[in-house]
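[1] Pasted the sequence and its predicted model underneath.
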Amino acid sequence: GEAKFRQIDRSLPVLISGISPLVRPASGTASAKLIFREDDMPEDLRQQLADRLHPGSIGMAEFRLNQREGIAVPRHAVSTERQKHLVLTVSDGKVLRKEVTIGKETEERIEITQGLSAGELVITRKNQYLRNGEKVRTDTDGSVHE
């Protein structure tokens, strides 16, 4: 992630190694332990970090947690076959079976980290009845018909 400090004029790439479970009621803030990713910083930013922030110093940082951009599909749209994760998409009016790499999972959705592009039409209903290469048509709402 990234953190912003009053002492530095730009965001700093950081890893969050710990967050206190105690939240201050008056401010809504908590303590966190950050590791600065100096390898991801340009030289001038590393110099600002060295000059203005020191190990053990106290300051304020703002950062976002659990913010991700990507593709997630309903859990039931992903099938597993021979230890491969698969989804059915529609391309040129035909069912196309695609192998995907999955990421984080929730009760209802699975993140797709590789194998799908934003905007691809994924078949999510009755996909167990469709076969690779089978002709289908889609309605304007994106629903698929055999």
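    Arrived safely.

[2] Looking at per-residue confidence, what score does the nearest residue to residue 20 once chain neighbours are set aside get?
    Excluding the flanking residues, the one nearest residue 20 by Cβ to Cβ, 6 or more residues apart in numbering is residue 31, at 4.2 Å. C-beta coordinates here come from the backbone N, C-alpha and C atoms, glycine included. Residue 31 carries a pLDDT value of 81.

[3] Quick check: the gap between residue 31 and residue 79.
    From residue 31 over to residue 79 the distance is 44 Å, taken as Cβ to Cβ, to the nearest Å.

[4] just the CA coordinates of the longest strand along the chain, formatted as PDB?
    Ranked by residue count under DSSP state E, the longest strand found in the chain is strand 94-105. Only the C-alpha atoms of strand 94-105 are listed here, as PDB (Å, rounded to 0.1, in the frame of the first residue of the first chain):
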ATOM      1  CA  LYS A  94     -20.100 -19.500 -29.000                       C
ATOM      2  CA  VAL A  95     -19.300 -20.800 -25.500                       C
ATOM      3  CA  LEU A  96     -15.600 -20.500 -24.800                       C
ATOM      4  CA  ARG A  97     -14.100 -22.400 -21.800                       C
ATOM      5  CA  LYS A  98     -11.300 -20.500 -20.300                       C
ATOM      6  CA  GLU A  99      -8.800 -21.600 -17.600                       C
ATOM      7  CA  VAL A 100      -8.400 -18.900 -15.000                       C
ATOM      8  CA  THR A 101      -6.200 -18.200 -12.000                       C
ATOM      9  CA  ILE A 102      -8.200 -17.300  -8.800                       C
ATOM     10  CA  GLY A 103      -7.300 -15.000  -6.000                       C
ATOM     11  CA  LYS A 104      -9.300 -14.000  -2.900                       C
ATOM     12  CA  GLU A 105     -12.600 -15.800  -2.300                       C
END
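
[5] Begin at 8 from now on, thanks
    That works, and once the first residue is 8, the last one we named lands at strand 101-112.
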